[in-house]
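Novice: got a predicted structure here, sequence first:
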Amino acid sequence: MTAAALLANLSARGVRIRVAGDCLRLAPREALTPELLMEVREHKPQLLALLDCERVGGRLEAAFAAWREHITGCPACDRGNLGCRCEEGQRLADAYHQAWCAVYVLPFAGPGEET
Ligand SMILES: [Zn+2]
């Protein structure tokens, strides 16, 4: 089973999975079979990486939504060009750019690689 298939399998059983530092928290325990737990242990690094991607992806969506909302309501920012002219707009645009980089740029640099 791949880590992604395992995640799908867990969510189909109603298991919630949460990352706490380097640990995976699974609940409820009753929904887990010993076989599933073994799979989870075996795929732990991949599961952590997958879940971290989802977490970072969620931050990207939130940053984009916040920026869009500002652009739509702010008279100083240019909606047509999606350009930010006020400080708040620039801050939100920067936050969105940072989140974007975390999703699309950083994952391609392997651990320990020089950038
Ligand atoms: Zn603005």
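Specialist: It's in.

Novice: and the pLDDT for residue 104?
Specialist: Confidence at residue 104, expressed as pLDDT, is 68.

Novice: show me the shaky parts of the protein.
Specialist: For the chain, the stretches flagged by pLDDT under 70 are 79-83, 103-115.

Novice: what residues does it have near the ion?
Specialist: Proximity of the chain to the ion (Cβ under 5 Å from the ion) is limited to residues 74, 76, 77, 86, 89. The way it works is simple: take the backbone N, C-alpha and C, and place the C-beta from them, glycine included.

Novice: helix/strand/coil for residue 76?
Specialist: Assigned with DSSP: H, G, I helix; E, B strand; the rest coil, residue 76 falls in the coil class.

Novice: can you give me phi and psi for it?
Specialist: phi -80, psi -30 (degrees, to the nearest 10).

Novice: tally of neighbours for it?
Specialist: 11 (other Cβ atoms under 10 Å).

Novice: how about residue 36?
Specialist: Neighbour tally, residue 36, other Cβ under 10 Å: 17.

Novice: picking that back up, scan the residues of the chain next to the ion and report the most crowded one.
Specialist: Of the residues of the chain next to the ion, with other Cβ under 10 Å as the count, residue 77 tops at 21 neighbours.

Novice: not including adjacent chain positions, what is the nearest residue to it?
Specialist: Sequence neighbours aside, residue 89 is the residue nearest to residue 77 in space, at 4.3 Å (criterion: Cβ to Cβ, 6 or more residues apart in numbering).

Novice: cool, thanks, signing off.
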